[in-house]
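> A predicted structure for the sequence below; I have some questions about it.
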Amino acid sequence: MADQVKHYNEDFITPYGVILGSFQGVEGRSNGNFNYYSHEQNYHNGLYTGIPFQCVEYVRRWLNISKGLTFYNIPFASHAWQLKYIERISDSRATSIVGIPNGSDKAPVPESLLIWESDENDKQIPFGHIAVITEVNIQENWVRVAEQNMDNNYWPGNYSRQLDLEVSEGKYFIKDNHKIIGWMVINFDVDSQNQLELGIHEPVVRKIQPPKILNGPWLNFDSPAQKYWANIWGDQPTREGEEFISYYTFDNHFYDRIMFAAMELNHMCLTATNYVINNDEQLAKFGLPHWTWKKIRNSWKGEMISGFKSFSGRFDLAFNGSSIKMFEYNSDSAGTYLEAGVIQVQWAKAVGCDYGKSASEDLENMLIEQAKELFKGFVHILIDNDDEEVYNALYIKEVFEKAGVDCKVVIGVNFKKNHQGKYTDEDGVEIKTIWKMWNWETVISNYESERKGDEIKLSDILLDQNIDIYEPIWKLVTSNKALLAVMWEMFPGHPYLLPTEWTLDGYLRNKPYVKKPIVGRCGQNVQIYTSSGEKVEEMEGKYTKRDCIYQEVFEIQKFDGFNPILGAWIVGMKPAGFGIREDTKLITDHESPYGCCRVINI
């Protein structure tokens, strides 16, 4: 929440962000005037409330703070009229919200939501409007509301405006200059609500069916990325040894939940990153060499001045039938771009899976737009000689080219210096901007390794302050699993976080837990223990000497024996869809099968 006025101009009725008043301790703030749109995101205690300081943002924030409830994405304020239920934040349990049309024989009640109709010809509320009814006085014929971005004037009390209430022949009409659809009455007794009667059903279903007979290849072999992928995983639509195809369907409400989770988690990760970077005691827990600290802080300071330059990241999320939890954030060198952006889309078309839309339908276009925004010159795509990195890099090259960005893929380390002392690739092209899949921990190891003769090392390139690097070095903090423990300290009890601690002396004592190295990839060296300390599963790897954090075990809902992990994408600062990796074992890795995800409207 903004604590001070951020903008002012002569068109603003009151300064943008200034407190106008409050209802039940929830402040309403000025949007300047009804035409202003900030394109920012607002959060309260890590929970997304909306675009500041629009009408929907206030209502969602009031529900969050005062009632512990929320609703997810609605296109316009007027679309709130279509809501059938809203959810308790702590456990996603639904409760009813019932629309009462204006002019009904039922009187409006306090703590209900008042909804205005959208009208493209109405310059003030073309997308409708929403407010909280704070008080109703039938004897004196008025109702009072709390709202944002209507008049943007200071409130006369614990309400923003008083509207006339007309009672005629037993009918109740709330009067305003703009057309009111009606008010929505919320049942605040959440525990009494029968979920089936509310129409709550299984939001996630794993389907199995025979594949459609293919008339030709379902992959585009003119694409180097897809051709490389097929050489590794094959070009058959079914998995090896299986006769049928399988995929997941998600209802659109659950899709919105995942997108909200990604937004909120990204906000919390960046908030925690800022705290750690500016705190020596915290940064020391991340196991990073002291020589990196200044570089990290300078990189972060640059972001604060010029805006975040992140290209993308991917959250690993789990679902137990009701709750969504974050396992980790792959913010530095995330994989599965190709699977999410292309493979699952083309596979669905090929096998006759025409339910709804792809869960990552917008991912490629969002990557293209982000590339247009970030990259203004030639980009070198730097990767190791690893199959997964190769096909993902080839795909990112296709994305960049669609964005009009000239680029090339460089596998391994083969660089030169020109007469001006600038680093170049083997063809003599100066390196000015890099998008990489090398993780920063590898760069640290390379920097600290012995130089062989006059070789140019990977770290020489990636630590050169004159070269723009994506993802930037401050993501050494964001991608470190130590951040999970910091986030739990900063946002204890947040519905998307699992209890995570530095030791087993506190909450996690005598509870099932997962031991994770603070640096690692693809589940390496992750260990799962019972409450009695018995190890039940372990993934081997190369991170045995790393410090660890301890995270509470979260029992994933199984589907046909598979444990699905949702990979939810963030592009820039926006959620961009998701995909699934599933496995019969508890710890997924880069060889775990990728599952197609479809979103259906309910």
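Received, thanks.
> what about Ile86, neighbour count?
23 (other C-beta atoms under 10 Å). Bear in mind the C-beta positions are built from the backbone N, C-alpha and C, glycine included.
> show me what contacts it?
Neighbour list for Ile86: Leu63, Leu69, Thr70, Phe71, Ala94, Thr95, Ile97, Ile186 [criterion: C-beta atoms under 8 Å, 6 or more residues apart in numbering].
> Quick check on it: phi, psi?
phi -120, psi 170 (degrees, to the nearest 10).
> Look up which residues are beta-bridged to it.
In this structure, Ile86 bridges to Thr95 when assessed by DSSP bridges.
> returning to what we had before: now the contacts of Ile86 in CSV, please, with extra columns for neighbour count and pLDDT.
Formatted as CSV, these follow (neighbours: other C-beta atoms under 10 Å; pLDDT from 0 to 100):
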residue, neighbour count, pLDDT
Leu63, 22, 98
Leu69, 23, 97
Thr70, 20, 96
Phe71, 19, 94
Ala94, 20, 94
Thr95, 20, 96
Ile97, 20, 97
Ile186, 20, 98
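> And these, which two are furthest apart?
Leu63 and Ala94 (13.3 Å; C-beta to C-beta).
> now the residue positioned nearest the centre of the chain: how far from Gly307?
Centrality entry for the chain: nearest residue to the mean C-alpha point is Ala262, 1.7 Å, by C-alpha atoms, centre = their mean. As defined by C-beta to C-beta, to the nearest Å, Ala262 lies at a distance of 20 Å from Gly307.
> So Tyr447 sits against Ser459, correct?
Yes. Counting by C-beta atoms under 8 Å, a contact exists between Tyr447 and Ser459, whose distance comes to 3.7 Å.
> before we move on, the earlier item: in the host helix or strand of the residue nearest to the centre of the chain, what counts as buried?
According to DSSP states H and E, Ala262 maps onto helix 252-277. Of the residues in helix 252-277, 252-273, 275-277 count as buried by neighbour count, 16 or more other C-beta atoms under 10 Å.
> So which residues of the stretch 301-450 of the chain form strands?
With strands called from DSSP state E, counting those that start in this stretch, the stretch 301-450 of the chain shows them at 312-319, 324-330, 357-358, 379-383, 407-411, 416-417, 423-424, 433-436.
> I'd like the ones you listed as a markdown table, with mean neighbour count and mean pLDDT appended.
Output for the strands of the stretch 301-450 of the chain, formatted as a markdown table (neighbours: other C-beta under 10 Å; pLDDT from 0 to 100):
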| stretch | mean neighbour count | mean pLDDT |
| --- | --- | --- |
| strand 312-319 | 22 | 96 |
| strand 324-330 | 22 | 95 |
| strand 357-358 | 21 | 94 |
| strand 379-383 | 23 | 98 |
| strand 407-411 | 18 | 97 |
| strand 416-417 | 12 | 93 |
| strand 423-424 | 18 | 96 |
| strand 433-436 | 22 | 98 |
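> Between these, which one is closest to Pro15.
The nearest among the strands of the stretch 301-450 of the chain, by C-beta to C-beta, is strand 312-319 at 34.4 Å.
> What pairs with the closest one, parallel or antiparallel?
When DSSP bridges is applied, strand 312-319 pairs with strand 324-330 (antiparallel), strand 563-571 (antiparallel).
> how far off helix 252-277 does it point, in degrees?
Angle, strand 312-319 to helix 252-277, by axes from the mean of the first three to the mean of the last three C-alpha atoms, to 10 degrees: 120 degrees.
> that older thread, got CSV for the contacts of Ile86, with secondary structure and distance to Asn439 too?
Listed next are those as CSV, based on DSSP: H, G, I helix; E, B strand; the rest coil; distance: C-beta to C-beta, whole Å:
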residue, secondary structure, distance to Asn439
Leu63, helix, 40
Leu69, strand, 40
Thr70, strand, 35
Phe71, coil, 38
Ala94, strand, 41
Thr95, strand, 44
Ile97, strand, 46
Ile186, strand, 47
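> Between those, which sits nearest Trp291?
Taking the contacts of Ile86 together and measuring to Trp291 by C-beta to C-beta, the closest member is Thr70, at 43.9 Å.
> Relative to Ile115, how far out is the closest one?
Separation of Thr70 from Ile115 (C-beta to C-beta): 17 Å.
> What of Gly506?
Applying C-beta to C-beta, the value for Gly506 to Ile115 is 46 Å.
> one step back: which one of the strands of the stretch 301-450 of the chain lies nearest to Ser168?
Ser168 lies closest, by C-beta to C-beta, to one member of the strands of the stretch 301-450 of the chain: strand 357-358, at 46.5 Å.
> Pairing partners for that closest one, with directions?
Strand 357-358 has the following strand partners under DSSP bridges: strand 594-600 (antiparallel).
> Please export the C-alpha coordinates of the helix or strand of the chain with the lowest mean pLDDT as PDB.
When each helix and strand of the chain is scored by mean pLDDT, DSSP states H and E, strand 535-538 comes last, with a mean of 84. What follows is strand 535-538, C-alpha atoms only, in PDB (Å, rounded to 0.1, in the frame of the first residue of the first chain):
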ATOM      1  CA  LYS A 535      13.700 -40.600   5.400                       C
ATOM      2  CA  VAL A 536      11.100 -41.700   2.900                       C
ATOM      3  CA  GLU A 537      12.500 -40.300  -0.400                       C
ATOM      4  CA  GLU A 538      15.700 -38.700  -1.600                       C
END
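> Would you mind pulling the contact partners of it?
Contact partners of strand 535-538, identified using C-beta under 8 Å, 6+ apart, comprise Asn525, Val526, Gln527, Ile528, Tyr529, Thr530, Lys585, Leu586, Ile587.
> Among these, name the buried ones.
Burial by neighbour count, judged by 16+ other C-beta under 10 Å, picks out Asn525, Val526, Gln527, Ile528, Tyr529, Leu586, Ile587 from the contacts of strand 535-538.
> And these, which is closest to Ser168?
Among those, and counting by C-beta to C-beta, the member closest to Ser168 is Leu586, at 64.5 Å.
> could you check the distance from that closest one over to Leu504?
Separation of Leu586 from Leu504 (C-beta to C-beta) stands at 19 Å.
> And Glu388, by the same measure?
34 Å.
> how does the protein divide into domains?
Per automatic domain parsing, the structural domains of the chain span 19-192, 224-498+554-600.
> right, and those domains - which one's nearest Glu534?
Of all the domains of the chain, the one in closest proximity to Glu534, counting by C-beta to C-beta, is domain 224-498+554-600 (13.9 Å).
> can I get the strands of the stretch 301-450 of the chain in CSV with distance to Pro217?
Output for the strands of the stretch 301-450 of the chain, formatted as CSV (distance: least, C-beta to C-beta, whole Å):
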stretch, distance to Pro217
strand 312-319, 28
strand 324-330, 31
strand 357-358, 19
strand 379-383, 26
strand 407-411, 24
strand 416-417, 40
strand 423-424, 39
strand 433-436, 29
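> and of these, who's closest to Trp218?
strand 357-358 (14.2 Å).
> Determine how far that closest one lies from the middle of the whole chain.
Its chain's average C-alpha position is 18 Å from that of strand 357-358, according to C-alpha atoms, centre = their mean, to the nearest Å.
> One more: stretch 371-383?
For stretch 371-383, the distance to the chain centre is 23 Å (C-alpha atoms, centre = their mean).
> Pull the residues that contact it.
Counting by C-beta under 8 Å, 6+ apart, 309, 311, 389-390, 392-393, 396-397, 399-400, 403-411, 425, 429, 431-438, 458, 461-462, 470, 572 sit against stretch 371-383.
> send the alpha carbons of it over as CSV?
Output of stretch 371-383 as CSV, limited to C-alpha atoms (Å, rounded to 0.1, in the frame of the first residue of the first chain):
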residue,chain,number,x,y,z
ALA,A,371,11.3,-9.1,-25.4
LYS,A,372,10.2,-6.0,-27.4
GLU,A,373,10.2,-4.0,-24.2
LEU,A,374,13.6,-5.2,-22.8
PHE,A,375,15.8,-5.7,-25.8
LYS,A,376,16.8,-2.8,-28.2
GLY,A,377,19.9,-4.3,-29.8
PHE,A,378,21.6,-7.6,-30.6
VAL,A,379,21.2,-10.3,-27.9
HIS,A,380,23.5,-13.3,-27.3
ILE,A,381,21.7,-16.3,-25.8
LEU,A,382,24.2,-18.1,-23.6
ILE,A,383,23.7,-21.7,-22.6
